[in-house]
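1. this one's structure only:
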Ligand code: GLA
C-alpha cells in the first residue's frame, strides 16, 4: 500500500521527493455497542487494514488533498490564510481538514501547507471506521511533520472533537481511541466515562475473527445515530430524577429494572435498557475472556445483537440475516452487528475448521433472502498509527 500511495502522489503531484508516508488503522468492535456516549465500556481492536497517506510539505499556505478511493472528487484545495469552516464543499477532505481546524483551535497553527494523497483498504461504508482512521492518520502526520507533541490519546480526542464539530456526527470516543491506541493482538477494554483502559490479549486458539460485510450502506446513518444519542440522553435525564447517577454506565441491570418506570417514554426506556445491559455484557465478556471462557464470550456477543436489533434498533434486516444465520452454523462462537449500525458489517468468532462452511452457508442464505453476495474478511488485530 505504501507503493500505491506513493505512486498516486507522483501521478497527481508529479514528485516523490521529500514525501513521507503514514498509516492509521480501522477498527472492529467485539462488544460494547452504543455504550461509548453513555458512559459505558467498549471492547474494540485496531485492524491491520486502514488508511495510508503520502504527504509533502509546501512553502505556501495551501493544503491540497487527493483520495485514491474517491478519484472523481479530484484535488480538493483549501487556503490556510482564510478561515476554514465546516462545509459540504470539502467532500471527503472534510475529515483531514477538520483535524487541521481542531489543531488550530488547540493552539497549533500550521506554519505552512501540505499536499496529501490517501489510499485506504477499509471497504467504504462498512462500519470499520475508515473516517476515524483518516482522522487519526491526519493528526499523527501533522504531529510528525510540524513537530507538535500531542499524545496518541490526544489525537483520539481531537479526532472525536473534529467529527462532532466539523463533520456533524455526534460520535463517541471508541473509534478514534481504537485507531490511535491500537496494539497488535490485543483488544482495548476502555471505560468511556474515565478513559481508563487496559489491553486484553486476544488469544483465539483455533478460531478467527471474521468480519462479514452486508454491503448495505445507509445514507441516514448520521441522523439516525444522533437520534439514538438524544433518546438515550432522555432515558438518563428521566432516571436522574429518581436515582443519583451521572451516566447510564453507572447502573447495573437490577438498578435499571428497579427504576426504569421513571422513563415514561417507551422508546427511551428501550434505549436506556440497551445502554445499561450492553455495558454489563461488555464487562462480563472481558471477564469471560480472561478466564478463557470463549463460549460465554460468544453468548454475550449474540445477546448484544439481539439487544441492538430489538431495543436499540440500530441493526437492519440484512445484518439480522447474517447474524441469525451465523448462529446456526456449527463452530461459530458468537456473531453480532458491529459499529454504528443501520448496515455495515457483522463480527463473528469462528473456529478455524468451520470458516469454509460459515462462508458457504452465509453466502447461500444471504443470496436467497437478500439477493446479494456478502463479503468476508478474516481480520488481524494490528497496531495504532505509524510512519512507514
Ligand atoms: C460509531 C461511533 C462510535 C460508537 C459506535 C457504536 O462507530 O463512531 O463512537 O458510538 O458507532 O458503538
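-> Great, that's in hand. Small disclaimer: the values here were computed from a predicted structure and weren't measured.

2. going by C-alpha atoms from here, please, whenever you check contacts or count neighbours.
-> Fine.

3. got the phi/psi numbers for residue 134?
-> Per-residue torsions, residue 134: phi -70, psi -40 (degrees, to the nearest 10).

4. tell me the secondary structure for the closest residue to it other than its chain neighbours?
-> With sequence-adjacent residues excluded and distances taken as CA to CA, 6 or more residues apart in numbering, residue 134 is closest to residue 51, at 6.1 Å. Using DSSP: H, G, I helix; E, B strand; the rest coil, the structure places residue 51 in strand.

5. need the residues of this structure near the ligand, please.
-> Within the chain, the positions adjacent to the ligand are 33, 34, 36, 171, 172, 173, 174, 175, 339, 340 by CA under 6 Å from any ligand atom.

6. confirm the third one sits in a strand?
-> No - counting by three-state DSSP, residue 36 is not found in a strand; it is coil.

7. surely it touches residue 172?
-> Yes - between residue 36 and residue 172 there is a contact at 5.3 Å, judged by CA atoms under 8 Å.

8. leaving out sequence neighbours, find the closest residue to residue 213.
-> Closest residue to residue 213 apart from its sequence neighbours, by CA to CA, 6+ apart: residue 345 at 4.3 Å.

9. which residues touch residue 367?
-> Neighbouring residues of residue 367 by CA atoms under 8 Å, 6 or more residues apart in numbering: residue 373.

10. need the three-state assignment for it.
-> helix.

11. distance check, it against the ligand.
-> 27 Å (CA to the nearest ligand atom, to the nearest Å).

12. which element is the residue nearest to residue 163 when sequence neighbours are not counted on?
-> Leaving aside its sequence neighbours, residue 163 sits nearest to residue 169 (CA to CA, 6+ apart; 5.7 Å). Assigned by DSSP states H and E, residue 169 falls within no helix or strand.

13. wait, residue 169 touches residue 227, no?
-> No - using CA under 8 Å, residue 169 makes no contact with residue 227, being 10.9 Å away.

14. which residues touch the residue nearest to residue 19 when sequence neighbours are not counted?
-> Closest residue to residue 19 apart from its sequence neighbours, by CA to CA, 6+ apart: residue 56 at 4.7 Å. Neighbour list for residue 56: 18, 19, 20, 114, 115, 116 [criterion: CA under 8 Å, 6+ apart].

15. so residue 56, which of the three states?
-> Under three-state DSSP, the three-state class of residue 56 is strand.

16. who's more crowded, residue 169 and residue 227?
-> Shown here are residue 169 and residue 227; by other CA atoms under 10 Å, residue 169 has more neighbours (17 against 13).

17. need the contact list for the more buried one.
-> For residue 169, counting by CA under 8 Å, 6+ apart, the contacting residues are 163, 222, 226.

18. find the helix or strand that the second one is a member of.
-> Taking DSSP H and E as the criterion, residue 222 maps to helix 221-240.
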